[in-house]
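[1] How does the following fold in three dimensions:
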Amino acid sequence: GVIVNVSSSSTNGGRACQGAYASSKAGIQSLTETLALEGKENGISAFCVVPRRTDTDLRRQMFPDEDPSACLRPEHVASIIVYVATEASPWLTGQSFWVR
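    Residues are numbered from 1 along each chain as shown. You can find the predicted model right below:
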């Protein structure tokens, strides 16, 4: 089996007023590493996909002046999730894949 978690690039560097969000996403990355170790003997791999800014409805509401073309499209992130879930080697279990 394969577990794919999704985190956020907000874990890389501090941002004002995002302490709770960033720390919860960092926790997901740490959980992924733990799940990889715990699942290994049962053939379960765990990965984390870490996208940068992604053009979503919520992001457009939060940052109305941001140019959407500077953001990833949700389908770009989805394609990485599909790749990790189907093609990534078990030797990579526990890794975070940063989508920039």
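
[2] May I ask you to confirm that Ser8 is in contact with Lys25?
    Yes. Proximity of Ser8 to Lys25 meets the contact threshold set by C-beta atoms under 8 Å, at 4.2 Å. Every C-beta, even on glycine, is put in place using the N, C-alpha and C of the backbone.

[3] following the one helix or strand Arg60 maps to, which helix or strand comes up?
    Assigned by DSSP states H and E, Arg60 belongs to helix 57-62. Using DSSP H and E, the next helix or strand after helix 57-62 towards the C-terminus is helix 74-86.

[4] which parts of that next one are buried?
    For helix 74-86, burial by neighbour count (16 or more other C-beta atoms under 10 Å) applies to Val77, Ile80, Ile81, Val84.

[5] Serialize these to a markdown table and add fields for pLDDT and distance to Glu33.
    What follows is those, written out as a markdown table (pLDDT from 0 to 100; distance: C-beta to C-beta, whole Å):
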| residue | pLDDT | distance to Glu33 |
| --- | --- | --- |
| Val77 | 95 | 21 |
| Ile80 | 93 | 18 |
| Ile81 | 95 | 18 |
| Val84 | 93 | 15 |
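
[6] before we move on, the earlier item: and the contacts of the helix holding Arg60?
    Arg53, Glu66, Pro68, Cys71 (C-beta atoms under 8 Å, 6 or more residues apart in numbering).
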